[in-house]
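Student: return atomic coordinates for the entry below.
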Amino acid sequence: MKNKKNIYILAPAVVLVWGLLIYKIVAGLNPSVDTTPTSETIVEFKPKSFKQAESFTIAADYRDPFLGTFKKKTKKRSRVKPTPEKPTTPFPNVVFKGIISPKGKNEKVFLIQVNGNQYLFKQNAVFNEVKLLKGNATEVTMQFEKQVQTFQLKK
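Tutor: Here you go, the predicted structure:
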C-alpha cells in the first residue's frame, strides 16, 4: 500500500511538469504579443565617460621568502660609448649560379660569381675576402667584412 501512495503523489506531479513544458513550447512558437518595433521609438545612446586609471608602482624591497635575505639594490648605469663609424666598403657583386656535387662524395661545391669572376666555393672557403658560410640548392649565405647576406639562385 505504501507504493500506491507514492504513485498518487508522483503521477499528478509528472503530468503537471510535462504540461508546463508543452505550454512553454507552444507559447514560444505562437507569440500572442506583437513585438514589432514601431517607428516612433527613438533611443539615444550616451556612452559613459571613463576616468583614466591612476598609475602606481610597486616597491619590491621585501625579504626574499626562500633565502631569507633582502634583495640587493643595484643601480643601473647606462654608459654610451661613442663608436667611431668606419667607412664600410659595399658588398661585392655576388651572383649564385648553381651547385655542383661530385659523384660518390657527400660534399657540395657552389658556383658563385664575385665581381664578374666565377669561383668554385666549398663551405668556409674564401675568395677576394668573400667567405661562404652555408648554402643549399636554392640559396647561399656569404660574409664580407662582418657583413652577412643571403643570395638566391639566379637562372
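Student: just want the most central residue of the chain.
Tutor: By C-alpha atoms, centre = their mean, the chain has its centre lying nearest to residue 150, at 24.8 Å.
Student: residues contacting that one?
Tutor: Contact analysis of residue 150 by C-beta atoms under 8 Å, 6 or more residues apart in numbering lists 139-142. (Glycine included, C-beta is placed from N, CA and C.)
Student: helix or strand right after the helix or strand harbouring residue 11?
Tutor: Using DSSP states H and E, the element containing residue 11 is helix 2-29. Once the chain leaves helix 2-29, the next helix or strand it forms, by DSSP H and E, is strand 94-100.
Student: may I have that next one as CSV, with CA atoms only?
Tutor: Output of strand 94-100 as CSV, limited to C-alpha atoms (Å, rounded to 0.1, in the frame of the first residue of the first chain):
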residue,chain,number,x,y,z
VAL,A,94,77.7,38.3,-55.9
VAL,A,95,75.6,36.0,-58.1
PHE,A,96,74.8,32.4,-57.1
LYS,A,97,74.9,30.3,-60.3
GLY,A,98,74.4,26.8,-59.1
ILE,A,99,75.6,23.8,-57.1
ILE,A,100,77.9,21.0,-58.2
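Student: buried ones in the one helix or strand residue 118 maps to?
Tutor: Element membership of residue 118, judged by DSSP H and E, is strand 117-121. By neighbour count with 16 or more other C-beta atoms under 10 Å, strand 117-121 contains the buried residues 119, 121.
Student: can you tell me the strand partners of it and which way each runs?
Tutor: Applying DSSP bridges, strand 117-121 is found paired with strand 109-114 (antiparallel).
Student: re the thing from before, how far off strand 94-100 does the strand holding residue 118 point, in degrees?
Tutor: Angle of strand 117-121 versus strand 94-100, following axes from the mean of the first three to the mean of the last three C-alpha atoms, to 10 degrees, is 50 degrees.
Student: identify the residues contacting strand 117-121?
Tutor: Contacts for strand 117-121 (C-beta under 8 Å, 6+ apart): 97, 100, 109-113, 127-128, 132, 135, 140.
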